[in-house]
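Need coordinates for the below:
(2 chains)
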Amino acid sequence: MSAAPAPKPAPERLDLAGLRAEFPIFAARGAGFHYLDNAATGQICRAAAEALLAFETRARANVKRGVYRLADEATQAFERARAEIAAYLGAREAREVVITSGTTHALNIAAHSLCARLRPGDEILLSRAEHHSNIVPWQLAGARVGAVIRAIPLDDEGRLDLDRLDALVTRRTKVIAVTHCSNVTGAVTDLGKLGEAARSVGAVLVVDGAQRVPHGPVDVQALDCDLYAFSGHKLFASTGAGALWIRRELAEELPPFLGGGEMIRRVTIEGSTFAAPPHRFEAGTPPIGPAIALGAACAWLAGLDWARIHAHETALLDRLLSGLGTIRGVRPIGPAGLQARAPLVSFVVDGVHPHDVCQLLDARGVCTRGGHHCAQPLHDTLGLEASTRASIALYNDAADVDALLEGLEEVVRRLA
Amino acid sequence: MSTALYDEAIVATAKETARAERLAAPDLTVEEDNPLCGDRITLDLAFDDGRVAAVGHKTRGCLLTRAAAVLLARRAPGADAAELRRAIVSLRALLAGREEAPLWPELSMFEPVRAVASRHDCVLLPFRALEVALERRERERP
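Residues are numbered from 1 along each chain as shown, chains lettered A, B, ... in the order given. Sure thing, here's the model as predicted:
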């Protein structure tokens, strides 16, 4: 007779106090500070802050140019950061990672470099859930070559409606550019279907990962995409640096977007040839310190227990959604459930403008975002002018959610 | 303090936008957006002998924008371009902390907004629309 299996040990709870201690702002701001605007900018972690300060005060030099020791050390630190970012993204090689100033810069590189290969009538497929940073660059770059922009519609929950994908993806489709996770609804995109559709017509799949990366490492190879963009300031590093991952084979083929600096191989008055990726896409002095900070953040984050953090974030999301449902006149938008959804919720308070909601919440130390969140087509689709958004990160706790809910009770009482 | 922005005067004034109407035959119509949040005012002006004869508006915005639109619509009739320009300058000075007694005394209700720079544009949106209207009128009727 076999022995009964030993019971699994109960999972240890997340050491939230220890985690919060890794973010200097919480000690600096003290009790009563409830930061729920993480979808706009995350707070900087100690690892990133220390790396940034160390570089700027003790190791600062330009990269890729000088031969003196300080410059060589700076270059090595910069390239180590690239490798740490690559590891967080699951890239095959560090050279697939282009250092940018952020997601918007990354998507502009993607749009201008990819559109240079398009012809009049070629189509770029976006979705109505995109951040303006994944719309406007395509409009600008697409217009130069006569490309046509089309958009995937949304379903009732604000998710990309992929049921009609066959009608939208045709032989004219050369680029599909979508969000991995909406910055308004939190809906996570089914990239598998889109990757398959892109492959079927030879299109390139570009993913805006800005809202996804703060919730754990990703695996760009498993995602079956070709380019992946994100910002460091949302990933608990400083402002000023982000990254664009480009599949190596594609990167080799693409022309540069911006010119000058170390992106060249040879320059004559008659013309120039260009460096190999990633440097081809890194014109001018890169954001060295912020990139090193981003590398440090990636290295620190990669060592965390993301299964436990995911459970923690989901529990907070559940608490938030449940609480919102009990307040008269408050209507969350986006998916109703917790599945395939990042921990952020946008909502409408009937009869109260989002800025007024945010202002009253601020009086209670609750930081939220009101407006269209740089996603006007999404709001138009949902029949809204603006919304209020609360977005959760790994360091948030139940007190943050409760402070928001109590604040909303007051908003409704005073202004609705 | 953020809650000071929502005293009774501002809330009550803002609620008057519910009764606001567009003009049937304006001399000028200006539409202005606040790109931060998508708020919008459509401002109609009718003139008679160099003075504002009537103001109409449709305002979609926060309490501050709506209250400012109501005050503008209330005070602008009878004013000439010079007075309107002085009122705009005066409101900007109030928000910047350079003036305590605005040209139109009712505008002093926005004094608490002074401390919240991110909301100055909310108050100013209707007055920006007015500024655009005056510039256009000047261009069209030199």
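
Can you tell me which residues in chain A are near chain B?
Proximity of chain A to chain B is confined to A:353-356, A:359-360, A:362-363, A:370-372, A:376, A:379, A:385-386, A:414-415 under the rule Cβ under 8 Å from any Cβ of the partner chain. All C-beta atoms are positioned from the backbone trio N, CA, C, and that covers glycine.

just checking, what packs against the longest helix seen in chain A?
When chain A is scanned for its longest helix (criterion: DSSP state H), the result is helix A:69-89. If contacts are counted by 3 or more Cβ pairs under 8 Å, 6 or more residues apart in numbering or on different chains; DSSP states H and E, helix A:69-89 sits against strand A:97-100, strand A:242-246, helix A:288-302.

which of these is buried the deepest?
Ranked by mean neighbour count under mean count of other Cβ atoms under 10 Å in any protein chain shown, the helices and strands packed on helix A:69-89 are led by strand A:242-246, which reaches a mean of 31.

Quick check: A:Ala416 touching A:Asp356?
No - using Cβ atoms under 8 Å, A:Ala416 is not in contact with A:Asp356, being 10.1 Å away.

quick one, which of those two is more surrounded?
A:Asp356 (30 against 15; other Cβ atoms under 10 Å in any protein chain shown).

The more buried one is in what secondary structure piece?
helix A:354-362 (DSSP states H and E).

now for that helix, which elements pack on it?
So helix A:354-362, by 3+ Cβ pairs under 8 Å, 6+ apart, packs with strand A:369-371, strand A:387-391, helix A:398-415, helix B:63-75.

Tabulate those in TSV, adding columns for distance to A:Thr179, mean neighbour count and mean pLDDT.
Listed next are these as TSV, based on distance: least, Cβ to Cβ, whole Å; neighbours: other Cβ atoms under 10 Å in any protein chain shown; pLDDT from 0 to 100:
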stretch	distance to A:Thr179	mean neighbour count	mean pLDDT
strand A:369-371	17	23	95
strand A:387-391	14	28	98
helix A:398-415	24	18	96
helix B:63-75	30	25	96
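
Can you check which of the ones you listed gets nearest to A:Arg92?
Closest of the helices and strands packed on helix A:354-362 to A:Arg92 is strand A:387-391, at 31.1 Å (criterion: Cβ to Cβ).

how big is the angle separating that closest one from helix A:398-415?
Going by axes from the mean of the first three to the mean of the last three Cα atoms, to 10 degrees, strand A:387-391 is angled at 160 degrees with respect to helix A:398-415.

centre of the chain versus strand A:387-391, how much separation?
Between the centre of strand A:387-391 and the centre of its chain there are 16 Å (Cα atoms, centre = their mean, to the nearest Å).

Kindly report the same for stretch A:186-193.
That offset, for stretch A:186-193, works out to 14 Å (Cα atoms, centre = their mean).

which parts of it are buried?
Buried residues in stretch A:186-193, counted by 16 or more other Cβ atoms under 10 Å in any protein chain shown: A:186-189, A:191.

got the contact list for residue 81?
No chain was given, so I picked chain A. Going by Cβ atoms under 8 Å, 6 or more residues apart in numbering or on different chains, A:Ala81 touches A:99, A:291-292, A:294-296, A:298.

Chain B, not that one
Taking Cβ under 8 Å, 6+ apart as the test, what B:Ala81 contacts is B:50, B:134, B:137-138.

which secondary structure elements does the longest helix belonging to chain B contact?
The longest helix of chain B (DSSP H) is helix B:120-140. Helix B:120-140 sits against strand B:28-34, strand B:39-48, helix B:63-75, helix B:81-96, with contacts defined as 3+ Cβ pairs under 8 Å, 6+ apart.

Against A:Val218, how distant is the residue lying closest to A:Arg266 once chain neighbours are set aside?
Using Cβ to Cβ, 6 or more residues apart in numbering or on different chains and skipping the chain neighbours, the partner closest in space to A:Arg266 is A:Thr273 (5.0 Å). Going from A:Thr273 to A:Val218 by Cβ to Cβ, to the nearest Å gives 34 Å.

In terms of neighbours, single out the busier of those two.
For A:Thr273 versus A:Val218, neighbours defined as other Cβ under 10 Å are more numerous around A:Val218 (21 against 9).

A:Thr170 contacts A:Ala203, doesn't it?
No - if you go by Cβ under 8 Å, A:Thr170 and A:Ala203 don't touch, sitting 9.5 Å apart.

Might you list the low-confidence residue ranges for chain B?
Across chain B, residues meeting the criterion (pLDDT under 70) sit at B:1-2, B:142.

please redo it, this time with the cut-off set to 90
B:1-8, B:18, B:34-38, B:99-101, B:140-142 (pLDDT under 90).

where does the nearest residue to B:Ala79 once chain neighbours are set aside fall, phi/psi-wise?
Distances taken as Cβ to Cβ, 6+ apart place B:Val52 nearest to B:Ala79, at 5.5 Å, with adjacent residues excluded. Here is the backbone geometry of B:Val52 (degrees, to the nearest 10): phi -70, psi 120.

Count the neighbours of B:Asp44 for me.
B:Asp44 is flanked by 21 other residues according to other Cβ under 10 Å.

how near is it to B:Ala133?
With Cβ to Cβ as the criterion, B:Asp44 and B:Ala133 are 9 Å apart.

Let me see the contact set for the residue nearest to A:Ala340 when sequence neighbours are not counted.
Distance criterion Cβ to Cβ, 6+ apart; nearest residue to A:Ala340, sequence neighbours excluded, is A:Val188 at 4.4 Å. A:Val188 sits next to A:180-181, A:212, A:340-342 when contact means Cβ under 8 Å, 6+ apart.

buried residues in the longest helix of chain A?
For helix A:69-89, a neighbour-count test (16+ other Cβ under 10 Å) marks A:71, A:74-75, A:77-89 as buried.

A:Val213 is in contact with A:Leu235, isn't it?
Yes - counting by Cβ under 8 Å, A:Leu235 is a contact partner of A:Val213 at 5.2 Å.

what are the bridge partners for the residue nearest to A:Ala340, then?
Note on A:Val188: beta-bridge partners by DSSP bridges are A:Cys181.

can you check B:Thr59 too?
Applying DSSP bridges, one finds that B:Thr59 bridges with B:Ile41.

Around it, how many other residues sit close by?
The tally of other residues near B:Thr59 (other Cβ under 10 Å) stands at 24.

What distance do you get for A:Ala77 to chain B?
36 Å (Cβ to the nearest Cβ, to the nearest Å).
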